[in-house]
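1. Turn this into a structure:
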Amino acid sequence: MKRVPQLIAAIGCLGWLLLCVGVTPTSADEEIERLKSEMRAMSATINQLQQTVVQMQGAIQKYEQQARVQPAQGSAEELHGEFQGFKNAVDQLVKINGYYDFEWYNDDKESSPGEFKQHHLSLFFDKRIEAWHFFSELEFEYAFDYAGTGGTVTGGGEAKVETTWLEYNHNDLLTIRAGKLLMPQYWTANHYPSLTVSTSRPLLVKRVIPFDTTGVSAYGTHYFENEWGTSYNIFVGNGEAADRANNDANEDKVFGGKWTAHIPWFDRFDLATSTYIGANADDKSEWMWGAETQINVRDFELLVEVVHNNNGGEFGYYVQPGYRFLPKWTTFYRLDSRDDNNKIDDPDDATRHIAGLRYQPLPAISLKAELFHDIPDDETRERYNGILSSVVIFF
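-> Numbers count the residues shown, from 1 in each chain. A predicted model of the protein is given here:
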């Protein structure tokens, strides 16, 4: 097939050379007649070549149809074997990803200087072998220093295993996971700065419902023929303890889970409820519940989350609408609140208003900036405004 257009091009070039270097005619009329004769000959040759091309195309199409109906013996098996060999080679590798974020913070409180923050450097280790999946996140926060010759740790940073687990996928309805598990609430599971539109996180995160536990969970999803769907996530693990990845403070274990309804309205409409039941380090029973929704309509997104701790009386919520007004630009607003049972001595109790922008020049790069206004529950504390910005890269 490739030689046909080459032949046509060669004939054209030959004709051009004949026109350029041909014998000088004795008269203008003879030259015109000669050119007409050559053009008629070239036209006939081109017609023949076109007919040949059509015949070759028909033969190729006929062969392809026969090959789809009755493939050559051994060809499909050989291709499958080569693909499986390539897949096995890739599966032997451990994928390493992660993210890095750098921040600038400034507010108008007294004795509160503006400051740069080297916040996170996190490394993800990911490995899949057939139905088995291992994942771990190693996080370095605030770039702490440690002298290995007996010196002390300086700075307020830390190094920790944020989460690590091994899971087995039986089918869409059942996956078993064991390890250090993050709670299934929306913001906890999606707290990574490469995913969120804001630099700051809601006030309720880590303060009302615990951030993680060490134990076992099961989760799954099912969609029905009418496009409605449901997801569940249940877990059992160690309760509150200084080192809950190693031990528990008492014999009681914590139980909990999350149930989500996927409603076939808009681009996404999820409604979810969650719970956490157990005993804290003081052997006092705890019952926490939460509710959340995620709605997407084209470029508009709405996130709402409410959580409450019946033991401590802690309560928190946020409402966060966002809109992507250009392919790389997203704006958002968040009304954010946390209340520790009206204990005004808790400095974290406040209502916060945040408005911000996120610019993504590339999918893996995020530039964020937000303005915030904090209103502490304790009226003796000053209200203040500030700005928080960051640059994030996922690698």
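2. ok, Leu182 - contacts?
-> Leu182 makes contacts with 162-163, 188-189, 211-212, as judged by C-beta atoms under 8 Å, 6 or more residues apart in numbering. The way it works is simple: take the backbone N, C-alpha and C, and place the C-beta from them, glycine included.
3. would you turn these into CSV with distance to Lys258, secondary structure and pLDDT?
-> CSV is the format used below for the contacts of Leu182 (distance: C-beta to C-beta, whole Å; DSSP: H, G, I helix; E, B strand; the rest coil; pLDDT from 0 to 100):
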residue, distance to Lys258, secondary structure, pLDDT
Glu162, 19, strand, 94
Thr163, 16, strand, 96
Thr188, 10, helix, 93
Ala189, 9, helix, 92
Phe211, 15, coil, 91
Asp212, 14, strand, 93
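4. Just confirm Thr273 is within a strand.
-> Yes - per DSSP: H, G, I helix; E, B strand; the rest coil, Thr273 lies within a strand segment.
5. Dig out what the nearest residue to it once chain neighbours are set aside forms beta bridges with.
-> Take Thr273 and drop its neighbours on the chain: the residue closest to it by C-beta to C-beta, 6 or more residues apart in numbering is Ala291, 5.1 Å away. With DSSP bridges as the criterion, Ala291 is bridged to Thr273, Val306.
6. quick one: Ala291 and Asp270 touch, right?
-> No - Ala291 is not in contact with Asp270 according to C-beta atoms under 8 Å; the separation is 11.5 Å.
7. what about the residue nearest to Thr273, how many neighbours?
-> 15 (other C-beta atoms under 10 Å).
8. show me what contacts it?
-> 271-274, 305-306.
9. Pick the one among the residues you listed closest to Phe116.
-> Closest approach between those and Phe116, by C-beta to C-beta: Glu305, at 30.0 Å.
10. Which per-residue confidence value corresponds to the closest residue to the closest one other than its chain neighbours?
-> Of all residues not flanking Glu305 in the chain, Glu292 sits nearest, at 4.2 Å (C-beta to C-beta, 6+ apart). Per-residue pLDDT puts Glu292 at 98.
11. Do I have it right that Glu292 meets Tyr317?
-> No - Glu292 lies out of contact with Tyr317 (C-beta under 8 Å); the separation is 9.7 Å.
12. Can you give me the buried ones in stretch 280-287?
-> 280, 286 (16 or more other C-beta atoms under 10 Å).
13. Tabulate the contacts of Ala291 (a markdown table), appending distance to Ser390.
-> Listed next are those as a markdown table, based on distance: C-beta to C-beta, whole Å:
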| residue | distance to Ser390 |
| --- | --- |
| Leu271 | 31 |
| Ala272 | 28 |
| Thr273 | 32 |
| Ser274 | 28 |
| Glu305 | 22 |
| Val306 | 27 |
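14. Pull out the buried members of the residues you listed.
-> 272, 274, 305-306.
15. Take those residues and write them to JSON lines, including distance to Ser111.
-> As requested, the buried ones among the contacts of Ala291 are exported to JSON lines (distance: C-beta to C-beta, whole Å):
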{"residue": "Ala272", "distance to Ser111": "42"}
{"residue": "Ser274", "distance to Ser111": "40"}
{"residue": "Glu305", "distance to Ser111": "33"}
{"residue": "Val306", "distance to Ser111": "35"}
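16. re earlier: and the residue nearest to Glu305, how far from Ala178?
-> 25 Å (C-beta to C-beta, to the nearest Å).
17. Any regions of the stretch 201-350 of the chain where pLDDT drops low?
-> 342-345 (pLDDT under 70).
18. what do you get for the stretch 1-150 of the chain?
-> 1-39, 41-77, 79-80, 82-92, 146-150.
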